[in-house]
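Engineer: The following block contains a protein sequence and its predicted model.
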There are 2 protein chains.
Amino acid sequence: MNPTLEIFSQGEEIVTGQTVDTNAAWLSQKAVACGFTVTRHTAVGDKLDDLIVLLQDISQRADCCICTGGLGPTSDDLTAEAVAYAFNIPLEFDEIAFEQISRFFAQRNRAMPESNRKQAMLPQGAERIDNEWGTAPGFSLTYGRCWFAFLPGVPLEMKHLFHDRILPKLSTRFLLQPGQLITIKTLGLGESAIQERINSIEIPAQVQLGFRAGADDVQTKLLFPFDYPET
Amino acid sequence: MNPTLEIFSQGEEIVTGQTVDTNAAWLSQKAVACGFTVTRHTAVGDKLDDLIVLLQDISQRADCCICTGGLGPTSDDLTAEAVAYAFNIPLEFDEIAFEQISRFFAQRNRAMPESNRKQAMLPQGAERIDNEWGTAPGFSLTYGRCWFAFLPGVPLEMKHLFHDRILPKLSTRFLLQPGQLITIKTLGLGESAIQERINSIEIPAQVQLGFRAGADDVQTKLLFPFDYPET
């Protein structure tokens, strides 16, 4: 069994549809390629109660969760606060994070607004994820059965942090055995017609069968587990 | 208080990241414009247990839920079956739906595969949502506190059904009072600097304040409720 992974996106701009959540799809592809079974995506807005309930639910349900958004300096960025409430962990001033944020402004010859201090408040015991590409440090921690990684929602920052800081941790934390996905594209047959032809083939129970009807073609997908015999 | 609405997307191609869920953003924009408060987006794959749990949760949590995907003819399309289990409602053969599906094939001079018969099995008591743009009829039903509408995931079909069949129902079922969103775009100030300037302005409690940092500009958002006085 692959470890399960959920994607959790925070932001009013996502639940109201002003932004298409491309982060979720990008992260899912990476997670599947690593060998996770991605079980769920959830997006909620900037509401503390919603965030708390969701974090608690995920901590009981998934082995890993990648979260994006809500790490900014403004009053609607509530992720660290929600983690503190959900898991009953106090927030703590992280000096190194604060220095990194200060440096980010100094290097750009800009005064650091007082409100950026908030971004240096991290849950006690969390591991800081250094961010050279913006002002929001990420952080990771384990609660319940789940290892959480909290990343900024800005796609450029999120992608850098995932590649440089998260990927190396995943392979040491989880037993990852990626499966193999075979996609067969066909033209001129509907998915129901393909399904009927496939019914006469005996597909082993451990191979997952899926279909996707596009505008022109149909894709038939066969997902083979890592330990499926080659012959 | 606006009625709450959730978006529920089904499909292995979404949770694995092969498809970006543009349906969720599109539907959310429409729902917000109608006067709903969109509280959550969730996507799960083609797993019956996941679907059942999620449907039951939403039925207790939201006033309205728009669901997309899982209505096709193939073995991985499980939405109707999941509704049957989740809400303990038997599936029933819908003669009119079957005639519509048969006609869809006849008009294209194609034989209807036997597996399309599955698409005419609808939950007992559900209202059929006629689909002229594809083979999958949608359906709607109320369970718990929630009115559910199930639509196909193919964006073209989903959009037609939402506009022609769902929108007219929403305004009769719900008291919809859309708020007004004002977006102020600024250049040259970070969101934390804007937050500091705004701190000195007294913003009424019923006005929701949000920020969004883009690559160049920052958007400050003020959401005014329907009944906010004009003067």
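Structural biologist: Okay, I see it. As the structure is a computational prediction, the values presented were derived from the model and not from experiment.
Engineer: Now do A:S192, the pLDDT please.
Structural biologist: The per-residue pLDDT reported for A:S192 equals 84.
Engineer: Can I take it that it is in a helix?
Structural biologist: Yes: assigned with DSSP: H, G, I helix; E, B strand; the rest coil, A:S192 falls within a helix.
Engineer: List the residues that contact it.
Structural biologist: B:72-74, B:113, B:115-116, B:135 (Cβ atoms under 8 Å, 6 or more residues apart in numbering or on different chains). (Each C-beta comes from the backbone N, C-alpha and C, glycine too.)
Engineer: Could I get the phi/psi values of A:K159?
Structural biologist: Dihedral pair for A:K159: phi -70, psi -40, per degrees, to the nearest 10.
Engineer: Is it in contact with A:W26, as I believe?
Structural biologist: Yes: under the criterion of Cβ atoms under 8 Å, A:K159 makes contact with A:W26 at 7.1 Å.
Engineer: Highest neighbour count among the contacts of A:S192?
Structural biologist: Neighbour counts for the contacts of A:S192 peak at B:G72, which has 28 neighbours (criterion: other Cβ atoms under 10 Å in any protein chain shown).
Engineer: So that residue versus B:T135, what's the distance?
Structural biologist: 8 Å (Cβ to Cβ, to the nearest Å).
Engineer: Now for the two: what residues contact both?
Structural biologist: A:192, B:119.
Engineer: In three-state terms, how would A:Q100 be classified?
Structural biologist: Taking three-state DSSP as the rule, one finds A:Q100 in the helix state.
Engineer: ok, how many other residues are close to it?
Structural biologist: Residues contacting A:Q100 under the criterion other Cβ under 10 Å number 18.
Engineer: same deal with A:I166?
Structural biologist: 21.
Engineer: One more: the one 4 residues further on?
Structural biologist: One way to gauge burial is a neighbour count; for A:L170, by other Cβ under 10 Å, it gives 21.
Engineer: Repeat that for the one 4 residues further on.
Structural biologist: Summarising burial for A:F174: neighbours were counted as other Cβ under 10 Å, giving 17.
Engineer: can you redo the contacts of A:S192 as TSV with pLDDT?
Structural biologist: Formatted as TSV, the contacts of A:S192 follow (pLDDT from 0 to 100):
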residue	pLDDT
B:G72	90
B:P73	90
B:T74	87
B:P113	87
B:S115	85
B:N116	90
B:T135	88
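Engineer: filter those down to the ones close to chain A.
Structural biologist: B:72-74, B:113, B:115-116, B:135 (Cβ under 8 Å from any Cβ of the partner chain).
Engineer: Excluding covalently adjacent residues, which one is nearest to A:L187?
Structural biologist: Nearest non-adjacent residue to A:L187, counting by Cβ to Cβ, 6 or more residues apart in numbering or on different chains: A:D217, 5.3 Å away.
Engineer: got it, and A:E13?
Structural biologist: Take A:E13 and drop its neighbours on the chain: the residue closest to it by Cβ to Cβ, 6+ apart is A:T19, 4.3 Å away.
Engineer: In contact with A:N2, which residues?
Structural biologist: Neighbours of A:N2 in contact, by Cβ under 8 Å, 6+ apart: A:35-37, A:176-177, A:179, A:226.
Engineer: try 7 Å this time
Structural biologist: Taking Cβ atoms under 7 Å, 6 or more residues apart in numbering or on different chains, we find A:N2 in contact with A:35-37, A:177.
Engineer: Then A:A106?
Structural biologist: A:A106 neighbours (Cβ under 7 Å, 6+ apart): none.
Engineer: so how far is chain B from the residue in chain A sticking out farthest from the centre?
Structural biologist: Most distant residue from the mean C-alpha position of chain A: A:S200, 38.5 Å away (Cα atoms, centre = their mean). In this view, A:S200 and chain B are 13 Å apart by Cβ to the nearest Cβ, to the nearest Å.
Engineer: got it, and A:L151?
Structural biologist: 15 Å.
Engineer: That residue is in contact with A:G69, isn't it?
Structural biologist: No: with contact defined as Cβ atoms under 7 Å, A:L151 does not reach A:G69; the gap is 8.3 Å.
Engineer: hang on, the earlier thing: could you give the number of residues near the residue nearest to A:L187?
Structural biologist: Counted with other Cβ under 10 Å, A:D217 comes out at 13.
Engineer: For A:V32, which non-adjacent residue is spatially closest?
Structural biologist: B:T16 (5.0 Å).
Engineer: let me fix that: A:L91
Structural biologist: Distances taken as Cβ to Cβ, 6+ apart place A:M121 nearest to A:L91, at 4.3 Å, with adjacent residues excluded.
Engineer: ok, the one you found - contacts?
Structural biologist: A:M121 touches A:80, A:91-93, counting by Cβ under 7 Å, 6+ apart.
Engineer: Redo those as a markdown table? Include neighbour count and secondary structure.
Structural biologist: As requested, those are arranged in a markdown table below (neighbours: other Cβ atoms under 10 Å in any protein chain shown; DSSP: H, G, I helix; E, B strand; the rest coil):
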| residue | neighbour count | secondary structure |
| --- | --- | --- |
| A:A80 | 22 | helix |
| A:L91 | 16 | strand |
| A:E92 | 14 | strand |
| A:F93 | 10 | strand |
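Engineer: Same list (those) but as JSON lines, adding distance to B:S102 and pLDDT.
Structural biologist: As requested, the contacts of A:M121 are arranged in JSON lines below (distance: Cβ to Cβ, whole Å; pLDDT from 0 to 100):
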{"residue": "A:A80", "distance to B:S102": "57", "pLDDT": "96"}
{"residue": "A:L91", "distance to B:S102": "62", "pLDDT": "97"}
{"residue": "A:E92", "distance to B:S102": "66", "pLDDT": "97"}
{"residue": "A:F93", "distance to B:S102": "68", "pLDDT": "96"}
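Engineer: quick one: which of those residues is nearest A:F211?
Structural biologist: The shortest gap between A:F211 and any of these belongs to A:A80, at 41.9 Å (Cβ to Cβ).
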